[in-house]
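*Asks:* got a predicted structure here, sequence first:
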Amino acid sequence: FEHVVRINEARLGPDHPRTALALNNLASSHQSLGEGDTAIRLFERALSIREKTLGPEHPDTAVTLNNISRLYRERGDLAAAQPIHERALAIFEKVLGPEHRDTANTRHNLALLLLDTGNASEALEVLRSGRGRRWRMRRYLLSGLSEGERYLLLARDEWQLGVELAVAKRLNSPSVSLRAYESLLAWKSGSARIVHSSRERLATEMTQEQLELIQELHGAQRRISSLAFASDVRDPDHHVERLRAARNELNQLELALTRSMTGSDDPPSTVSVADLREALPEGAALVDLFLHQEWTAPTGESEAVAPGRWERWAVSAWITRPDRERIVWVHLGSELEIGTAIRSHLQSVARTPGMTQRGFGVPPKLTRSELEAARRILWDPLAEHLEGVDTVFVNPDGILGAVPFETFQLEDGRFAIEDHAFVYLQDASSFLTDPADRSSGGELLRLLAVGAVDFDARDDATGRDGRPLDVSSRSASWTGEWARLHATGPESRAVRDAHADTFGEAGSRLLLLGTAGTEERLKQELPRHQVLHLATHGFFNPDGVPSLWDAARAAVEEERAVVADEERYLVGKLPGLLSGLICAGVNRPEEGRDDGYLTAEEVRWLDLSNVELVVLSACGTGLGREQSGEGLIGLRSAFRTAGAKTVISSLWSVEDESTADLMGDFYKNLWIEKMPRGEALRQAQLAMLNRNRTEHGDPLPATWGAFVLSGEWR
């Protein structure tokens, strides 16, 4: 940088804007080295040049002012930093406008500076000055992006939400906490509400152009799945190049389709607490969980103090009830402590070797204190605000999405499921759909049941009508082989028979067993039925793309690094590759056929708007990838995004005979006893819990606790 400064001074002059840019960069380098005095002199010289050549109200002038303010703040001179920062904000607001990203960033940084000086009320006023406009601009931005781009934008701006929460926590005012929570609602549901709105348009009417885009998108999804699951990678560099090209193709197709659906209408409005309170049924409560960083207060007795900083990750919960005006904000504690407690809880209730494969492994010997930690830390602080509540709607975040609240055992030995029904939401705005969508829907007349899948063989590539299906190129199977689940055959037949006994000739039933349950056939049949019962293996790999790329990882260190870097990037853009269902023939891939891994990425662009109920009688289908406050993105949310009203899925590996018994009771409750969907599942779980107590002297939550309901519960 010193060399660049000398070149610019000699060729362009000491007062040229390019010289100021080089000085600005050089000053930042000295700042990083802890040489504050030198950095200040260089910043001030750059500022003088920019004021002289560009003007006192140019955005580049404001950038240098921001740099100077940040340096004073790092040195603990908050009094000197504040007026400089205020001047920078005034320039950005005047020249770029109150909605510009640079303006918003500067505003939130000023709020933190005011918070550090003890002026939380002033910090609140600064945030209020641009709050509504910024959220409105973000809605427009999100409506024109692909899903991966939406998450990147939300993640980039997450710290701004943290500023609002820090100010609200410091002021400890109900009205301020309410506004902070509404900002959280706007941020958490930003992508989901736009997806819901655009998919509604797609379901009601589709142009020829959109139909062609969807067909192209399905082809791109198959190609990227084929690459991601490849186990024989002989040339890692070429493989990564193809993977990157496929990812970019998929993103561009999704972007074109998204923009074609957005049209000229305004994007969906943000959610208010009043909206939620009105939509919540009587006797219910919403528990909205959020994982966020906390801002620590500055330390120091003299004029120069250590500024505040982002420290630990913490978990907060907001509780909304229709019978109470005030929302409750509960600070549950650090993410590290809660995460450790959740892992211990899952190890305790699941009692399956498969848990360690999914990243929840903990030392096998747990003390009583460790076993009770999750309930004590996570449930007890909430329970005191849920007295008199029958149904608890849970909007989880991060690892909190991996724990079924039903399985918390209370001090008297009872379980939370015995006092409350639980429904899990993809986002809090799920309540705010049209009244027709919030009803229990159709009469579930058309059933598709899949079971006893033969993972070693598959039917030929024809559909039910005998015409060839649209298939992709060959993809090698996952390392290792999938074993047949024998009990899923009788389970699926029993579901079919129960459906026939209930609906008779008025309904239709399709049972796919053995080699019939191919990926091609499932993609064709899923949109045609109202009830989908899918009894097969599910997969979820939280550590990377399902592709293990063993051959590449056995290569030299540089080659492995190339593959690993692209893999991590792919996960960030396409988290739907991390989870899915295993289809017929997956162990024996064939040329010209789909690979047998029906991923969440492929499911989410199917048209499932006519599907009322999906039962994923598989292992780990409710899990997904943590992503930007949107909870866990996985197979469960993919089915909901595609239009399915209700999804029942599992959170861990469940013994298949127990699952068959549970599902038998569920469908009996649903079709014969005419129970609402959520109550039908809960009563089936309670029946198994009580049988376990009677027959085994143990409630055995592993047999009933894994299954959770997301979406329409009535």
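*Replies:* Yep, it's here.

*Asks:* list the contacts of stretch 311-321.
*Replies:* 165, 181, 184, 273, 276-277, 280, 284-296, 327-336, 338, 378, 381-382, 385-386, 389, 397-398, 400 (C-beta atoms under 8 Å, 6 or more residues apart in numbering). All C-beta atoms are positioned from the backbone trio N, CA, C, and that covers glycine.

*Asks:* which residues belonging to it are considered buried?
*Replies:* For stretch 311-321, burial by neighbour count (16 or more other C-beta atoms under 10 Å) applies to A314, V315, S316, A317, W318, I319, T320, R321.

*Asks:* then D15 would be within a helix, right?
*Replies:* No. Applying DSSP: H, G, I helix; E, B strand; the rest coil, one finds D15 to be coil, outside a helix.

*Asks:* per-residue confidence for it?
*Replies:* What the model reports for D15 is a pLDDT of 95.

*Asks:* can you list the weak-confidence ranges in the stretch 201-350 of the chain?
*Replies:* Along the stretch 201-350 of the chain, the model assigns pLDDT under 70 to residues 203, 231-232, 262-269, 299-305.

*Asks:* so where do the helices sit in it?
*Replies:* Counting by DSSP state H, counting those that start in this stretch, the stretch 201-350 of the chain has these helices, from start to end: 208-228, 236-262, 273-279, 335-350.

*Asks:* now the stretch 401-550 of the chain
*Replies:* 488-503, 519-525, 550-553.

*Asks:* comparing these by mean pLDDT, which bottoms out?
*Replies:* Among those, helix 550-553 scores lowest, with a mean of 31.

*Asks:* burial count for Q426?
*Replies:* Other residues lying near Q426 total 23 when counted by other C-beta atoms under 10 Å.

*Asks:* so how far is G634 from it?
*Replies:* 10 Å (C-beta to C-beta, to the nearest Å).

*Asks:* then E209?
*Replies:* 30 Å.

*Asks:* then P396?
*Replies:* Per C-beta to C-beta, P396 is found 12 Å from G634.

*Asks:* check R493 too.
*Replies:* Note on R493: its distance to G634, by C-beta to C-beta, is 28 Å.

*Asks:* more neighbours, these two?
*Replies:* Each of R493 and G634 had its neighbours counted (other C-beta under 10 Å), and the higher figure belongs to G634 (27 against 15).

*Asks:* pLDDT value on the more buried one, please?
*Replies:* 77.

*Asks:* bridged to it, which residues?
*Replies:* Judged by DSSP bridges, the bridge partners of G634 are G624.

*Asks:* swap in L448?
*Replies:* On the basis of DSSP bridges, L448 is bridged to L510, L532.

*Asks:* check contacts around it.
*Replies:* With contacts defined as C-beta under 8 Å, 6+ apart, L448 is in contact with L510, L512, E525, L526, R528, H529, V531, L532, H533.

*Asks:* go with 10 Å
*Replies:* Residues near L448 by C-beta atoms under 10 Å, 6 or more residues apart in numbering: 492, 495-496, 508-512, 521-522, 525-534, 611, 614.

*Asks:* count the neighbours of R11 for me.
*Replies:* R11 has 10 neighbours, counted by other C-beta under 10 Å.

*Asks:* next one: it from R18, what distance?
*Replies:* The gap separating R11 from R18 is 9 Å, by C-beta to C-beta.

*Asks:* now A644
*Replies:* Distance, A644 to R18, using C-beta to C-beta: 57 Å.

*Asks:* looking at those two, which has the bigger crowd around it?
*Replies:* The neighbour count for A644 versus R18, taken as other C-beta under 10 Å, is higher for A644 (25 against 16).

*Asks:* I'd guessed that one sits against L608; true?
*Replies:* Yes. A644 sits in contact with L608 when judged by C-beta atoms under 10 Å, with a separation of 4.7 Å.

*Asks:* test my guess that F1 contacts Q31.
*Replies:* No. Counting by C-beta under 10 Å, F1 stays clear of Q31, with 11.8 Å between them.

*Asks:* give me the common contacts of those two.
*Replies:* Contact criterion C-beta under 10 Å, 6+ apart; residues shared by F1 and Q31: L42.

*Asks:* which of these two has more neighbours?
*Replies:* Shown here are F1 and Q31; by other C-beta under 10 Å, Q31 has more neighbours (20 against 15).

*Asks:* check contacts around that one.
*Replies:* Here Q31 is in contact with T38, A39, I40, L42, F43, N67, R70, L71, E74, R75 (C-beta under 10 Å, 6+ apart).

*Asks:* mind putting the residues you listed in CSV, distance to A687 and neighbour count included?
*Replies:* Listed next are these as CSV, based on distance: C-beta to C-beta, whole Å; neighbours: other C-beta atoms under 10 Å:
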residue, distance to A687, neighbour count
T38, 74, 14
A39, 69, 23
I40, 72, 18
L42, 74, 24
F43, 71, 24
N67, 65, 21
R70, 61, 20
L71, 66, 21
E74, 62, 15
R75, 66, 19
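
*Asks:* I'd like the residues you listed written out as CSV, with distance to L700, secondary structure and pLDDT added.
*Replies:* Shown next, in CSV, are the contacts of Q31 (distance: C-beta to C-beta, whole Å; DSSP: H, G, I helix; E, B strand; the rest coil; pLDDT from 0 to 100):
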residue, distance to L700, secondary structure, pLDDT
T38, 68, helix, 97
A39, 64, helix, 97
I40, 67, helix, 96
L42, 68, helix, 98
F43, 66, helix, 97
N67, 61, helix, 96
R70, 57, helix, 94
L71, 61, helix, 95
E74, 56, helix, 90
R75, 60, coil, 90
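
*Asks:* G664: which of the helices of the stretch 401-550 of the chain is closest?
*Replies:* helix 488-503 (5.7 Å; C-beta to C-beta).

*Asks:* is the residue nearest to Y424 when sequence neighbours are not counted in a helix, a strand, or coil?
*Replies:* Leaving out its chain neighbours, the residue that sits closest to Y424 by C-beta to C-beta, 6 or more residues apart in numbering is S710, at 4.6 Å. Here S710 is recorded as strand under three-state DSSP.

*Asks:* number of nearby residues for S710?
*Replies:* 23.

*Asks:* who's in contact with it?
*Replies:* Counting by C-beta under 10 Å, 6+ apart, S710 has contacts 394, 423-426, 430, 614, 622, 631, 636-637, 639-640, 644, 646-649.

*Asks:* whichever of the residues you listed end up buried, select them in ChimeraX.
*Replies:* Selecting only the buried entries of the contacts of S710 in ChimeraX, with 16+ other C-beta under 10 Å as the criterion:
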select :394,423,424,425,426,430,614,622,631,636,637,639,640,644,646,647,648,649
